[in-house]
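Colleague: The following block contains a protein sequence and its predicted model.
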Amino acid sequence: MTRGSSLYVEDLRMSFGQGSQEHRVLDGLTLRVDPGESVCVVGPSGAGKTTLLRCLAGLTRPTSGTVRYGEQPLTEPHADIAVVSQDYRGSLLPWLRVWDNVAFPLQGRGVRRAERKRRALECLAAVGLPEVADKYPWQLSGGMQQRVAIARGLAYDAPVLLMDEPFGSVDAQSRFDLEDLTLELRRRLGITVVVVTHDIDEAVYLGDRVIVLGGKPTAVLDTLTIPLGSERDQLSTRADPRFTELRTRVLARIRGERAPDTGVTPDPAVKADRTGVV
């Protein structure tokens, strides 16, 4: 069962500075993420991927255009939307035990301590870390700390999970484990997942759709539906010829090259121009 509402971005523009010093980052982005979807956003460094995610989280107001959660404009953080940042070391409080880190955002919602701990332990079990509740973050590996950060997002009981380069700072094996954990949690909990990543293989592996950003200023260049099914694993999925074809197309679009004919049908709702309408 899926939860929550759709996310809508309509004609989103973001600029920094004024007058001759104005720098336009995002130019007329329009897209939608439906409940229960896993959508990955890729693009070159400096393309504004994190800026887009912050707008989706209600943390940054765009220069123009709208961001909505269902019918509600997102002009501030929303209780239904949790964020997992790439800097898990900076986001976890080293003087608090792990369970208290997971439960920390619930204090602002007036949840009693006993309930906070119950929910934290439940979410730690969901990410495979039931035994570390009384440890401190600095006693855990990088991969385990990022699992704790994900558990904190789950403890908030949010149907939408936004992840900003969530696995870029961990080793390769931990990265694969965390990717599989994300897919499993999405299936089991019916949550919506939006992942910003610079890793093309990761985007194809995790996404039902991959949104490719690029250009100066940034627009939506392409949206690919990923026809790899819901049951994926690191060996057979990545060995699938369709996986290679899809990653090749994404890379070509990011580089501004003509994508080879992969035999994979693009999302028919995407216009082949710079409007970025999805």
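Modeller: Here it is on my side, so go on.

Colleague: Run through the stretch 151-278 of the chain and note the low-pLDDT ranges.
Modeller: Flagging of the stretch 151-278 of the chain using pLDDT under 70 yields the residue ranges 258-278.

Colleague: For it, which segments count as strands?
Modeller: Ranges of strands within the stretch 151-278 of the chain are 160-164, 192-196, 209-214, 219-225, based on DSSP state E, counting those that start in this stretch.

Colleague: Nearest to Val250 among the ones you listed would be which one?
Modeller: Go through those one by one with Cβ to Cβ and the one that ends up closest to Val250 is strand 209-214, at 5.8 Å. Where C-beta positions appear, they are placed from N, C-alpha and C, glycine not excepted.

Colleague: what residue is smack in the middle of the chain?
Modeller: In the chain, the C-alpha nearest the mean C-alpha coordinate belongs to Val195, at 2.0 Å (Cα atoms, centre = their mean).

Colleague: Break down the protein into its helices, ranges please.
Modeller: Counting by DSSP state H, the chain has these helices, from start to end: 49-56, 88-91, 98-103, 113-126, 142-155, 172-189, 200-206, 236-239, 241-254.

Colleague: For the third one, name the packing helices and strands.
Modeller: Packing partners of helix 98-103 (3 or more Cβ pairs under 8 Å, 6 or more residues apart in numbering; DSSP states H and E): helix 113-126, helix 142-155.

Colleague: and Ser85, what is it in contact with?
Modeller: Counting by Cβ atoms under 8 Å, 6 or more residues apart in numbering, Ser85 touches 91, 149, 164, 166.

Colleague: could you dump these to TSV with neighbour count?
Modeller: Listed next are these as TSV, based on neighbours: other Cβ atoms under 10 Å:
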residue	neighbour count
Ser91	18
Ala149	23
Asp164	21
Pro166	26
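
Colleague: Out of these, the closest to Pro44 would be?
Modeller: Distance ranking of the contacts of Ser85 against Pro44, using Cβ to Cβ, places Asp164 first at 15.9 Å.

Colleague: you'd agree the closest one is up against Leu53?
Modeller: Yes: Asp164 lies in contact with Leu53 (Cβ atoms under 8 Å); the separation is 5.2 Å.

Colleague: circling back: Throw the strands of the stretch 151-278 of the chain into TSV and include distance to Arg61, thanks.
Modeller: As requested, these are exported to TSV (distance: least, Cβ to Cβ, whole Å):
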stretch	distance to Arg61
strand 160-164	16
strand 192-196	18
strand 209-214	19
strand 219-225	20
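
Colleague: between the ones you listed, which one is nearest to Gly70?
Modeller: In terms of Cβ to Cβ, the element of those nearest to Gly70 is strand 160-164, at 10.7 Å.

Colleague: Now do the same for the closest residue to Leu140 other than its chain neighbours: its pLDDT.
Modeller: Nearest in space to Leu140, with sequence neighbours left out and distances taken as Cβ to Cβ, 6 or more residues apart in numbering, is Val132 at 6.2 Å. Among the per-residue scores, Val132 holds a pLDDT of 94.

Colleague: Number of residues surrounding Val132?
Modeller: Applying other Cβ atoms under 10 Å, we find 20 residues neighbouring Val132.

Colleague: do Gly207 as well
Modeller: Gly207 has 25 neighbouring residues, counting by other Cβ under 10 Å.

Colleague: For Leu246, see how far away it is.
Modeller: Here Gly207 is placed at a distance of 9 Å from Leu246 (Cβ to Cβ, to the nearest Å).
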